[in-house]
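Engineer: coords please:
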Amino acid sequence: MAVGVDVRVSIDPPSIPPIALRANLWREDEQRNGAQGARFRLLTGGLTTCPSVWRLELCGGVALGRLGAEGFGFDRSQQTAAFVAYLTVEPQLRVSLRAGLALTVSIGTWIPLVRPRFFFDQDGQAVEVYQPGPAAVVGHAGLTLRF
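Structural biologist: Okay, here's the model as predicted:
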């Protein structure tokens, strides 16, 4: 489980669904194998569109990012990074609080198109530390300011 910050800038042109540019910064996570392991940092940016049905927005899009890793507990720890890509599906509920201000909540899934493996070498054998799962459940809660 990871916590992060999501920032979106959306335009709402007439006759097509809103389009949002987004950036996500996830809190550093750690995977261990005994006293050894790695710390991971994920930064993503993407494009989302959100057709609206009543208060529900059916958001979907793509996210591209950089997954950085740094080993710890080894004689010689290394750093590496991999590029990742996701398809995102995140239905979102919007509740207006007052003119131009709304509370939004969503739960959805991110499906990785690329699942890089991170491992270390132990006595000539590769020991896997981490590989992203086939899908991730992602939840959001926040405020939307429209002007």
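Engineer: name the helices or strands packed onto the least confident helix or strand in the chain by mean pLDDT?
Structural biologist: Within the chain, judged by mean pLDDT, DSSP states H and E, the helix or strand with the poorest mean is strand 118-122; its value is a mean of 78. Counting contacts by 3 or more CB pairs under 8 Å, 6 or more residues apart in numbering; DSSP states H and E, strand 118-122 is packed against strand 36-49, strand 125-130. Any C-beta I mention is one placed from the backbone N, CA and C, and that applies to glycine too.
Engineer: buried deepest among those, which one?
Structural biologist: Of all the helices and strands packed on strand 118-122, strand 36-49 has the most neighbours on average by mean count of other CB atoms under 10 Å, namely a mean of 18.
Engineer: right, and the helix or strand after that strand?
Structural biologist: For strand 36-49, the following helix or strand on the C-terminal side (DSSP states H and E) is strand 52-53.
Engineer: avg pLDDT for that following strand?
Structural biologist: Per-residue pLDDT over strand 52-53 has a mean of 86.
Engineer: can you pull the contacts of residue 7?
Structural biologist: 22-24 (CB atoms under 8 Å, 6 or more residues apart in numbering).
Engineer: repeat that with 6 Å
Structural biologist: residue 23 (CB atoms under 6 Å, 6 or more residues apart in numbering).
Engineer: for the residue with the largest distance to the centre of the chain, grab phi and psi.
Structural biologist: Outermost residue of the chain with respect to the C-alpha centroid, by CA atoms, centre = their mean, is residue 123; its distance is 34.4 Å. Note on residue 123: its backbone torsions stand at phi 50, psi 40 [degrees, to the nearest 10].
Engineer: biggest strand in the chain by residues?
Structural biologist: The residue-count maximum for a strand in the chain (DSSP state E) belongs to strand 79-98.
Engineer: any weak-confidence spans in the protein?
Structural biologist: When the per-residue scores of the chain are filtered using pLDDT under 70, the ranges that remain are 1.
Engineer: make it 90
Structural biologist: Scanning the chain with the threshold set as pLDDT under 90 gives 1-4, 12-15, 18, 29-38, 52-56, 71-80, 94, 99-100, 117-132, 144-147.
Engineer: rebuild the helices and strands packed on strand 118-122 as CSV, extending it with distance to residue 116.
Structural biologist: Converted to CSV, the helices and strands packed on strand 118-122 look like this (distance: least, CB to CB, whole Å):
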stretch, distance to residue 116
strand 36-49, 11
strand 125-130, 9
